[in-house]
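# sequence plus predicted model, see below.
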Protein chains: 6
Amino acid sequence: MTREDGRADDELRSIKITRDWLDHPAGSVLIEFGRTRVLCAASASDGVPRWRKGSGLGWVTAEYAMLPASTNTRSDRESVKGRIGGRTHEISRLIGRSLRAVIDYQALGEKTIQLDCDVLQADGGTRTAAITGAYVALADACAHLGVNKALTDSVAAVSVGIIDGVPRLDLPYVEDVRAETDMNVVMTGSGSFVEVQGTAEGAAFSRAELDALLGLAEKGCADLTRLQLEALGAAR
Amino acid sequence: MTREDGRADDELRSIKITRDWLDHPAGSVLIEFGRTRVLCAASASDGVPRWRKGSGLGWVTAEYAMLPASTNTRSDRESVKGRIGGRTHEISRLIGRSLRAVIDYQALGEKTIQLDCDVLQADGGTRTAAITGAYVALADACAHLGVNKALTDSVAAVSVGIIDGVPRLDLPYVEDVRAETDMNVVMTGSGSFVEVQGTAEGAAFSRAELDALLGLAEKGCADLTRLQLEALGAAR
Amino acid sequence: MTREDGRADDELRSIKITRDWLDHPAGSVLIEFGRTRVLCAASASDGVPRWRKGSGLGWVTAEYAMLPASTNTRSDRESVKGRIGGRTHEISRLIGRSLRAVIDYQALGEKTIQLDCDVLQADGGTRTAAITGAYVALADACAHLGVNKALTDSVAAVSVGIIDGVPRLDLPYVEDVRAETDMNVVMTGSGSFVEVQGTAEGAAFSRAELDALLGLAEKGCADLTRLQLEALGAAR
Amino acid sequence: MTREDGRADDELRSIKITRDWLDHPAGSVLIEFGRTRVLCAASASDGVPRWRKGSGLGWVTAEYAMLPASTNTRSDRESVKGRIGGRTHEISRLIGRSLRAVIDYQALGEKTIQLDCDVLQADGGTRTAAITGAYVALADACAHLGVNKALTDSVAAVSVGIIDGVPRLDLPYVEDVRAETDMNVVMTGSGSFVEVQGTAEGAAFSRAELDALLGLAEKGCADLTRLQLEALGAAR
Amino acid sequence: MTREDGRADDELRSIKITRDWLDHPAGSVLIEFGRTRVLCAASASDGVPRWRKGSGLGWVTAEYAMLPASTNTRSDRESVKGRIGGRTHEISRLIGRSLRAVIDYQALGEKTIQLDCDVLQADGGTRTAAITGAYVALADACAHLGVNKALTDSVAAVSVGIIDGVPRLDLPYVEDVRAETDMNVVMTGSGSFVEVQGTAEGAAFSRAELDALLGLAEKGCADLTRLQLEALGAAR
Amino acid sequence: MTREDGRADDELRSIKITRDWLDHPAGSVLIEFGRTRVLCAASASDGVPRWRKGSGLGWVTAEYAMLPASTNTRSDRESVKGRIGGRTHEISRLIGRSLRAVIDYQALGEKTIQLDCDVLQADGGTRTAAITGAYVALADACAHLGVNKALTDSVAAVSVGIIDGVPRLDLPYVEDVRAETDMNVVMTGSGSFVEVQGTAEGAAFSRAELDALLGLAEKGCADLTRLQLEALGAAR
C-alpha cells in the first residue's frame, strides 16, 4: 500500500520556509508542509508579564489560531463565538512550551517574544508546522534583538501515525482522519524529546507500535532540523 | 509637496490581485494595496439564515479581522479578549452591505456566501482593499456555483483624505494618521455610490473639500474596477 | 406625493429639547424628534483614561443604547445577551467622534465627560437626535464645570434620504424603512461637515442625488443649530 | 427627630403614576416615588418559552436595569461590562415572582408578557417602585389583550427600615444608606404577603423590630394599592 | 399528616458537622443536613480588595456553587455556560452578608477570608446548610489566624415553609417543591435576625402564617447554634 | 535518595476507591491517590448530541474542574472568571478521550454518559486520579443501565516523572514541581496505550529516559487496574 501523494512512509511532505514574509514583526515565517500553510510571527516587546517583573528573566508565549476559510468546510471564527475552544487552547500551550524549552531567559533579559501562529490553510499537521516555523521566526527575532545566545538549541515537530497498521511520517488530512493512532513529537536539534503526545484514535496501541512511531518521529525531526538550518543560513 | 512614495495625488498604490490563493473556498483572493495585504475568501454553503428560510432568496455576509502581527505594533487577538471591538464590527458590516449592493438574491437562490477578509499586513486602507478583493472572490464563487447572474454589477472601494490641505487618493498608514479628513467611498462598476463615509479627524471640512474628495474617489474606484475586470478576465 | 405627517420635504419634525431632565449628572437633556425620544446625560469626572494621563488634556466619550420597549416590537437587552451588537458600537463611536470634534481638550483639562444617550422611544433618527441632544447636555456640563471655552463650536445632526425618488429631511421610521438611500450628516454650527455617512439601502445613488441630499442636510442642521441655541439661551 | 423631607415616619413620598408613557408596548407606566423615577413597560407577545409550550398556560417575566446616569455617581453599563451583576439579577427575579403571584396563567393563555423596569433616576426604593409601577403596566397590558381575568389581585411593594432606632416607611437614598435594617415587602391588594426580604445592614434586629417593620409595610402597601386603583380608574 | 421522613414538624434533619475536611484552607467543614452535603472552606489571605486598602479593616466574602451531579438531574456547569446564574449570585451574596453580620472588621485587620460553599449533594436547604457550615469554617479560620475576637457572635440559618397548610422546619427537596410558602431565616446565636427571606410560591401568605414561620425558624436556628458550638468545642 | 513519603520509586501512593459516594448519578466514585481526592460522577441520560442523532450510537463526554479551595493557595473560580482556562479544557478533553477508548457505542445505544470529575483536594496527579476513578463510575453507570457490554476493556492512568535524574511513579505535588520531565500515561486493562503525554519541564529528555518512564507507567497502570477490579468486585 502506497501513500496517496506517492511519498515513502518515512518521508516528509515538501517543506517550504519563507522568512520575513511580514514587514512589521521582529521575525516572521510562512511555513508550508505540503498544502498546510502557517504564518508564524515573532513580535518582540520590552518588559515581561507582571508576575515576572524585576526578575531579569525574559518570557516567550504563543497563540495559535485558524482562519475560518483555512479548513475544508469553513469554521466559525472564535472571536465571533466569544470564546476560544479547547483545541486552540491546547495547541497554543503546546507551542509555547515547545519554544520555551530552547530559551535561556537570562540571556533574553526582561523582554517578551510573542509568537503568533495563524493557519492560513490546513491540511493536517498544523501544530507541528507551527512549532517548526515558529522556531525560525524566533531565531530571527533573537538575532534582531541581538540576543542570539538566548537560544540554547533548535526545536522542530512532526506528526506520526499508524494507518492500516503501518507507521507513517507527517500525515496530511486524508491520512490523519484514518489514523488509528496519532502522535505529535517535538524534539530539539540535538535529538532530545521536548513533547510526546500520542493518542489512540481508534484502537489502543502496543508498546512496539509506540516504539516504531518514536523512531519515525526522530527521523522526521532530524530532517526538519536540517531544513531549518538551511533556511536560517541564507542572508536575511 | 510630494507624497513619500512618490505617487501623484490622484494615483493608486501598486495594486496586486492574486486569485485562488487558497484551495478550499469557492473563491479566494490575496489583494495588495501597496504593503496592505488582505486575504479574501468566499465560502459557499447551501441554505440561508433562519429568518430567510423558504424565501427562495440567498444571503451574503462578511467578517473582517486583523492578524495580531499585521499592525505596526502587535494588536491583541479579539478571540482572546473574548469580544469583538467596535471597529471590527463596523468594518464587517460595511463589507457585507457593500457586496450585498450588487447581489440579486433571487438569482443566487437559497445559498449563503460568507466572505472572510483577514488582514495579513496593514498599511492603511485595509477596509477598502477588503471590499475590492472580496468582490473578486465573490465573482469567482458565483462562477463556481454557476450563478453568474447573481452579480448585478461590480463593486470597489477606496480611501481619500485631505493631508496638509491637499486631497489625496488611497492613503497609506503614514498619510492616514496625518489626515485632517478621512473618507471611504464604495462605488459600483457603473459609477454609482454604495457607501460614503467621511470623518473629520482634525478639523471639520467644507462642502468644497467634500466635493473634491468625492471626485478623487470616483477616479480611484474607476481605476480599481478596471483592475478587477483584468484580474477576472484571466483564466482561473 | 406628500409625507404621511404632512411635513414639507425639507422640514424637520417637531423638535423638543428639555434641559435638566435628571438631577444627578452635570448636564442632561430629553430631546424629542417627533415621537423619537432620547435621554442624553453628560456625567463629568476628574481624571482621564490611563493612556491620556499626565497630558493635561481632557476626554469625551459616548455610549448609546436603546431600552427594550423603545422599539415597535420589543428588542432583547444587550446586557442580557452579554454582548453589544455592531449597530450599537457603531453609533456610540459616531456620537463620541461627533462631540469630540467641537472640544478643546486643553481647555477642558484632565477631566472626562461621559455622554450617555439612551433611547426611550424610537421612531427613526435616534442617532441624530442623540448627537443633537448630547451637544446641549455637553454644553450644560461644560458650564457646570466652568469651562465654557472647552467648546469650540456647536454640533447637530440630521438624517436625509431618498423616498420614491424624492430627497427628504429627518426621516421617521415609516420613511426610513422605505428609503432607497439613507444618509446621516453631522455638522458644526458654523456650517462645516463632521461626519457624512450615506448608504445605498436599495439602489446605488448618483452623484446628483448625493449632492441634493447634502444640501438638504445643510438646511436641517442649520435649523437644529438654531433650536439648540434657543434652548441653551434660557436660564437653567 | 424628623425626616429630612418633612414626612411622618409612616408616610409615603409623593407618588406619581403616569400611564401610557410610551407608544409601542401594550402597557407602560412612568412611576415616581419622590425623585425615584422608573419606566415600566409591559410588552405582550404570542407564545411562551419552550419549556411551557402546549400547556395552554401563559408566562410573565421581568427585567430590571438602571441607566448609567440614574445614580448619584455614574454607574458602568452592564451591557458594556458584558455581564449582569448579582444585584440586577436578584431584583429582576424579585419583580418577576411578585407579578406572577397575581397571574392566572390559564386565563392569560399561551401568551408572554415581558415587563421591563428601567430606572431613569434612582433615589432609593427603585425595586419597590418598579413592582408597584409594573403592576399598573401589566393591568393595562391585560386589558389591551382582553384578558382582565388573568389578574387575580393587585400587587404593590414598599421599603421599610430602621434609622436611628426608628422604623420608617419608604426610604429615600439618604435614609437607605443610614438604615440599620432594610426590608422590602411585596403585598397583594387584599393584604397578603408575596415577598418579605429583610436584611440587617448594621446590627441584627429583634423580633419586636421585625414586627414593627411588617406593620409599617402593611400600611404603606395599602396606600399604594389605593393609588394604583385611582390611576387605573382613569380612562386611558 | 406526618412527614415522609418521620420527623416532627419542628424538628431538624440529622445534622452532621465534620471539621477540617480539607488540608489546605485555614478552616473547612463538610456539613450535612440529611442528604444535603455542602463543603465549606474558609481561605485566609493577607490584604483586602482595592476599595478597602489602608482602612485597617478586613473583609469577608463568599461564593456558592453546585457540582453538576449534586442535583436529581444533572445541572450544567456555570463555568461551561460562561455566566453565573441569578440564583447562584443571589445565594453567594446572601452567604456573604450573613457571615459579615458577625464580623468585627477592625479586629480582623487587613485580611480577607474567602468562603467557598460547594454543594456536593443537594436535597433542599443548601443555602441554609452553607451558612451554618460556613460559620464553623470561619470560626476555625479566625482561630488559625489568632483573631478569635473578630467574631462577635455566631450565625446559623434554616428554611421553613408551609406544606398543605402546616408550617414545617428544615425542608428537604420533596417538601420544598410542594411548599406554598418558603422562607429562609438567618439568625445570630444570641437570637437576633440577620436575614428574613420569605416567598409565596403558590399563594400569598397571611400575617399569622408569617408569624408562625418566624417562630419555627427561631426554634431551628437555636438548635443549630447548639450543634455548631458542640462541633467547635471538640479539639481540632 | 528516598522519597519524602517513604515510597519506593515504582510504588503508587495509597489508593482508595469509594463507590456510590453520591445518591443521584448512575455511578459515582470518590477516588483518593494519597491526599489527592477527586469526586467522579457518571450521569446517564437518554439521547445523544444533535450531530449523532439517529445513528444508533451512544456518547461519552467528560468535564474536569477544581474546587477553589482544593489547591495549596485558593484558585479563582472559572465560573466567576467567565471563561474556562486552557488547562481545564485540556484535561476535560483528555478524560473524555480516555474513557471513550473503551466504549462500544453500538452496545451503549443512543444514550449519553456525562462524566464529571471534580477535584476536592489537589496534591498532584489529579487528572490521572480522575481517569482512574471515572472508569469505575462509568462501569457502575453501565451496570445501572444494563449495558455492561458497552465496556470493551478497563482504563487507568498514572503520572511518572524524572526527579533528580531518577524515574518515579505517581508524583505528589512536591515531586511534580521539581520534575525535570513529567508524563501522564493512560492504558487499558489489557496493557495497551491510550494516551502518552510527556513534557520536558526543565530539560529535554533522551530516548532512554522516555523508555524508562514508559516502563514505570506500565507497572503503575497494571497496579491500578487490579485495584479497580477489586473495587468493582464488591457488591454495590
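Received, thanks. Residues are numbered from 1 along each chain as shown, chains lettered A, B, ... in the order given.

# touching chain C at all, whichever strand or helix holds residue A:80?
Counting by DSSP states H and E, the element that carries residue A:80 is helix A:78-81. No. Under the criterion of Cβ under 8 Å from any Cβ of the partner chain, chain C is not reached by helix A:78-81; the shortest gap measures 10.0 Å. Glycine gets a C-beta too; all of them are placed from N, C-alpha and C.

# any buried residues in that helix, and which?
Of the residues in helix A:78-81, A:78-79 count as buried by neighbour count, 16 or more other Cβ atoms under 10 Å in any protein chain shown.

# kindly report the same for stretch A:157-172.
Under the neighbour-count criterion of 16+ other Cβ under 10 Å, stretch A:157-172 has A:157-163, A:167-172 buried.

# so which of the residues you listed are in strands?
Per DSSP state E, strands hold the following members of those: A:157-163, A:167-169.

# include pLDDT and distance to chain F when you put these into TSV, please.
Shown next, in TSV, are these (pLDDT from 0 to 100; distance: Cβ to the nearest Cβ, whole Å):
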residue	pLDDT	distance to chain F
A:157	98	13
A:158	98	15
A:159	98	14
A:160	97	12
A:161	96	13
A:162	95	12
A:163	93	17
A:167	95	14
A:168	97	18
A:169	98	17
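
# which among the residues you listed are in contact with chain C?
Judged by Cβ under 8 Å from any Cβ, the overlap between these and the neighbourhood of chain C is nil.

# going by distance to chain B, which of these wins?
Chain B has its nearest neighbour among those in residue A:159, at 19.7 Å by Cβ to the nearest Cβ.

# my read is that that closest one contacts residue A:168, right?
No. Under the contact definition of Cβ atoms under 8 Å, residue A:159 does not touch residue A:168, with a separation of 9.2 Å.

# chain C contacts on chain A?
With the criterion set to Cβ under 8 Å from any Cβ, chain A comes near chain C through residue A:82.

# one more time with 10 Å
Residues of chain A found near chain C, taking Cβ under 10 Å from any Cβ of the partner chain as the criterion, are A:80, A:82.

# how about chain A: which residue is closest to chain D?
With Cβ to the nearest Cβ as the measure, residue A:82 is the residue of chain A nearest to chain D, at 8.9 Å.

# spell out the secondary structure type for the residue nearest the centre of chain A.
Central residue of chain A (Cα atoms, centre = their mean): residue A:131, 1.7 Å from the mean position. State at residue A:131, reduced to three classes by DSSP: H, G, I helix; E, B strand; the rest coil: helix.

# ok, it to chain C distance?
Noted for residue A:131: a distance of 33 Å to chain C, by Cβ to the nearest Cβ, to the nearest Å.

# show me the strands in chain A, by range?
With DSSP E, the ranges of strands along chain A come out as A:15-19, A:27-33, A:36-46, A:59-66, A:111-121, A:155-163, A:166-169, A:181-188, A:193-200.

# and the first one, what does it pack onto?
It stands for strand A:15-19. Judged by 3 or more Cβ pairs under 10 Å, 6 or more residues apart in numbering or on different chains; DSSP states H and E, strand A:15-19 is in contact with strand A:27-33, strand A:36-46, helix A:126-145, helix A:207-233.

# could you redo the last one with a cut-off of 6 Å?
In this structure, strand A:15-19 packs against strand A:27-33, with contacts taken as 3 or more Cβ pairs under 6 Å, 6 or more residues apart in numbering or on different chains; DSSP states H and E.

# and the pLDDT for residue A:85?
Per-residue confidence at residue A:85 stands at 88 (pLDDT).

# next one: the one 10 residues further on
Reading off the confidence values, residue A:95 has pLDDT 98.

# what about the helix or strand of chain A with the lowest mean pLDDT, near chain E?
Among the helical and strand segments of chain A, the one scoring lowest on mean pLDDT, DSSP states H and E is helix A:78-81, with a mean of 90. No. Helix A:78-81 lies apart from chain E when judged by Cβ under 6 Å from any Cβ of the partner chain; the minimum separation is 10.4 Å.

# before we move on, the earlier item: what about chain D: which of the ones in strands among the buried residues of stretch A:157-172 touch it?
Near chain D, judged by Cβ under 6 Å from any Cβ, there are no entries from these.

# and the residues you listed, which two are the farthest apart?
Checked with Cβ to Cβ, these reach their widest spread between A:157 and A:163, with 19.3 Å between them.

# quick one: low-confidence parts of chain A?
A:1 (pLDDT under 70).

# can you list the residues of it near chain F?
Checking chain A against chain F by Cβ under 6 Å from any Cβ, the hits are A:86, A:89-90, A:93, A:101, A:188, A:192-200, A:204-206, A:210.

# list buried residues within those.
Under a neighbour-count criterion of 16+ other Cβ under 10 Å, the subset of these counted as buried comprises A:86, A:89-90, A:93, A:101, A:188, A:192-200, A:204-205, A:210.

# hmm, back to that, switch the ones in strands among the buried residues of stretch A:157-172 over to JSON lines; also include distance to residue C:18.
Conversion of these to JSON lines gives the following (distance: Cβ to Cβ, whole Å):
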{"residue": "A:157", "distance to residue C:18": "67"}
{"residue": "A:158", "distance to residue C:18": "71"}
{"residue": "A:159", "distance to residue C:18": "68"}
{"residue": "A:160", "distance to residue C:18": "74"}
{"residue": "A:161", "distance to residue C:18": "72"}
{"residue": "A:162", "distance to residue C:18": "76"}
{"residue": "A:163", "distance to residue C:18": "75"}
{"residue": "A:167", "distance to residue C:18": "79"}
{"residue": "A:168", "distance to residue C:18": "76"}
{"residue": "A:169", "distance to residue C:18": "76"}
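
# and of those residues, the nearest to residue A:35?
Of all those, the one sitting nearest residue A:35 is residue A:159; the distance, using Cβ to Cβ, is 14.5 Å.

# I am finished for the moment; much appreciated.
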